[in-house]
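K.L.:
Fold the following for me, if possible:
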Amino acid sequence: MSNLLQRLAVSLAGHRLIPPGQRVLVAVSGGVDSMVLLHTLHGLARRNRWQLAVAHFNHQLRGRASRADAQLVSRTAAALSLPCFSASGDVSGYARRAKISVEMAARTLRHEFLAQTARDHKIPVIALAHHADDQVELFFLRLLRGAGGEGLAGMKRRSPSPADRQITLLRPLLEFTKAELREFARTNKIRFREDATNATNDPLRNRLRNELLPLLVGKYQPGLAGTVLRTMDILGGEAEFATETARAWLAEIRLPKPTRAVPPYDRLPLAIQRKTVQLQMAELGVPPEFDLIEQLRQSPEKPVNADSGRFLWRQPDGQLIWHIPPATKFNSGQLAVTLKGKTGNAAFAGHRFQWKMELLKSFARPQPLAGRETFDGDKVGPNILLRHWQPGDRFQPIGLKSPVKLQDLFVNAKIPVQQRRERVLATTADGIIFWVEGLRIGEKFKLTPATRRKLVWKWPLKQPV
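P.N.:
Okay, the predicted model is just below:
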């Protein structure tokens, strides 16, 4: 038995990763990592009574090369007398439709296929070929994105599938480097295929792999992989401790009658304060962004805008609740304005509006300026109405093909609920909205080559209260 195979056997037994008699679905791409995973697990399967099956997903990103990958996996599974399940998916098309990166689309479709295959064949675990180099790359990816200790801890040997939490993902090779896997493949004459896209520097992960990490190893820390893996292990342990401590504290304060004395929220260590807020945000379905966590942590009994106008409120005892602002009635105030002459002004809702009507000598798209918009004066007409948002209002901003609910536009623009009823809008005499404070102008009232007069609308001045 080779040294790598012996170390893998000891590691699997020590971590109790794959018990005897387990059914395992091995995800195999055709690259060196997954082909070594398949052969090593197959080499240990008989003594452990494992029942292996192979799964391959064709991402349809590399044409003939992708088909050749699938053929190699199929032939290898047949040579090892293992069942092989395969499928393909239009990753590029899915990425466009879902408006996500190709890498994220590939990961999503691949995990859905693996989970579905595992369910169909009643296989509870899926083995993946992530290795030590993947861990190091992931550490730097997450470091650059500002992850905390939990994220920097990297992948775990065992975790639930993102496509089905009832299915477990296993990563048996996390302690082995890419170089070790390549040497094992060379020594044992294991066939595999190289993915040419790994040599490109398009995705950030590839730039880290091909540029940053070789620089750090060559110029700063030859033992970078070991150092980073040790750091990840330390961070993971500390993050796990913080999470469990925060969970226990939350469980205690939520009891009608606490069973033991716990420190008040403001006496908790900083890391535990943050973690209690983060855990509660996850329970409420709010993305746990650091800035939002800090606002809630530092500002008890103050509403904090969580998303789309919904507000969270941290009580003094540390618990989060949704803050429901008092109901605000629609503002019925309005002012009729006649656009006579060349210039004029009007005061409404604390604003002083100014307008000017000018002949358009030559067509040019107006430059965007704060507190100023330009309209086709003849389409607006001589009589307008200034008012506030009312139920059922619909508006067609420039660029849209048809009117939509004004409420939806406010939500998309992330305008807080309490501000929406304060915004001023302007309509024509026929009741068509051509301007809403803070939004784009109306599509039907923009300047065109056919425009003869332009209406310059300004609202730079605020009336004294």
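
K.L.:
Got phi/psi on Ala282?
P.N.:
Dihedral angles of Ala282 (phi, psi; degrees, to the nearest 10) stand at phi -60, psi -40.

K.L.:
okay but it is in contact with Ile293, surely?
P.N.:
No. With contacts counted by CB atoms under 8 Å, Ala282 stays clear of Ile293, the gap being 10.9 Å. Where you see a C-beta, it was placed from the backbone N, CA and C, and this is true even at glycine.

K.L.:
Which one's more surrounded, those two?
P.N.:
Using other CB atoms under 10 Å as the criterion, Ala282 and Ile293 rank with Ile293 on top: 21 against 11.

K.L.:
so which helix or strand takes in that one?
P.N.:
According to DSSP states H and E, Ile293 maps onto helix 290-298.

K.L.:
Show me what counts as buried in stretch 410-421.
P.N.:
Phe410, Ile415, Arg420 (16 or more other CB atoms under 10 Å).

K.L.:
per-residue confidence averaged over that stretch?
P.N.:
For stretch 410-421, mean pLDDT is 83.

K.L.:
Mind naming the longest helix for this protein?
P.N.:
helix 224-253 (DSSP state H).

K.L.:
buried stuff in the helix holding Ile293?
P.N.:
Leu292, Ile293, Gln295, Leu296, Arg297.

K.L.:
same thing with stretch 246-258?
P.N.:
Applying 16+ other CB under 10 Å to stretch 246-258 flags Ala246, Trp249, Leu250 as buried.

K.L.:
In a markdown table, list the residues you listed along with pLDDT and distance to Ser81.
P.N.:
Formatted as a markdown table, the buried residues of stretch 246-258 follow (pLDDT from 0 to 100; distance: CB to CB, whole Å):
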| residue | pLDDT | distance to Ser81 |
| --- | --- | --- |
| Ala246 | 96 | 49 |
| Trp249 | 94 | 53 |
| Leu250 | 94 | 51 |
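
K.L.:
Ala179: what secondary structure?
P.N.:
helix (DSSP: H, G, I helix; E, B strand; the rest coil).

K.L.:
Report the beta-bridge partners for Asp307.
P.N.:
For Asp307, the beta-bridge partners are Arg310 (DSSP bridges).

K.L.:
number of nearby residues for it?
P.N.:
13.

K.L.:
Does it touch Val286 like I think?
P.N.:
Yes. The criterion here is CB under 8 Å, and Asp307 meets it with Val286 at 6.4 Å.

K.L.:
Look at the residue nearest to Glu180 when sequence neighbours are not counted and give its secondary structure.
P.N.:
With CB to CB, 6 or more residues apart in numbering as the criterion, Glu180 has its nearest non-adjacent residue at 6.0 Å, and that residue is Leu4. Judged by three-state DSSP, the three-state class of Leu4 is helix.

K.L.:
Quick one: the strands in the stretch 51-200 of the chain, in order.
P.N.:
51-58, 84-88, 125-127, 158-161, 164-170 (DSSP state E, counting those that start in this stretch).

K.L.:
check contacts around Ser332.
P.N.:
His388, Gln390 (CB atoms under 8 Å, 6 or more residues apart in numbering).

K.L.:
if we can go back for a sec, mind putting the buried residues of stretch 410-421 in TSV, secondary structure and distance to Ser159 included?
P.N.:
Shown next, in TSV, are the buried residues of stretch 410-421 (DSSP: H, G, I helix; E, B strand; the rest coil; distance: CB to CB, whole Å):
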residue	secondary structure	distance to Ser159
Phe410	helix	40
Ile415	coil	39
Arg420	helix	42
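
K.L.:
Touching the helix holding Ile293 from outside, list them.
P.N.:
By CB under 8 Å, 6+ apart, helix 290-298 touches 146, 148, 273-274, 277-278, 281, 286, 304, 306, 312, 314, 320.

K.L.:
Just send the buried residues of stretch 410-421 back as TSV, with distance to Val125 too.
P.N.:
Converted to TSV, those look like this (distance: CB to CB, whole Å):
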residue	distance to Val125
Phe410	48
Ile415	48
Arg420	50
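
K.L.:
now, among those residues, which is nearest to Phe113?
P.N.:
Using CB to CB, Phe410 is the member of those that lies nearest Phe113, at 40.0 Å.

K.L.:
Just confirm that closest one contacts Arg420, I think it does.
P.N.:
Yes. Counting by CB under 8 Å, Phe410 sits close enough to Arg420 to count as a contact (4.8 Å).

K.L.:
Spell out which residues make up each domain of the protein.
P.N.:
Following automatic domain parsing, one finds the domains of the chain at 3-225, 270-324, 334-462.

K.L.:
Could you export those as JSON lines, including distance to Thr259?
P.N.:
As requested, the domains of the chain are exported to JSON lines (distance: least, CB to CB, whole Å):
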{"stretch": "domain 3-225", "distance to Thr259": "28"}
{"stretch": "domain 270-324", "distance to Thr259": "16"}
{"stretch": "domain 334-462", "distance to Thr259": "40"}
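
K.L.:
what's the closest of those domains to Lys257?
P.N.:
Of all the domains of the chain, it is domain 270-324 that lies closest to Lys257, at 14.6 Å by CB to CB.

K.L.:
gap between that closest one and the chain center?
P.N.:
Relative to its parent chain, domain 270-324 has a centroid offset of 19 Å by CA atoms, centre = their mean, to the nearest Å.

K.L.:
quick check: mean pLDDT across it?
P.N.:
For domain 270-324, mean pLDDT is 87.

K.L.:
Check which residues of the longest helix of the chain are buried.
P.N.:
224-225, 228-229, 232, 235-236, 239, 242-243, 245-246, 249-250.

K.L.:
how far away is Ala9 from Gly43?
P.N.:
Using CB to CB, to the nearest Å, Ala9 is found at 9 Å from Gly43.

K.L.:
before we move on, what about Trp459?
P.N.:
Using CB to CB, one obtains 76 Å as the distance from Trp459 to Gly43.
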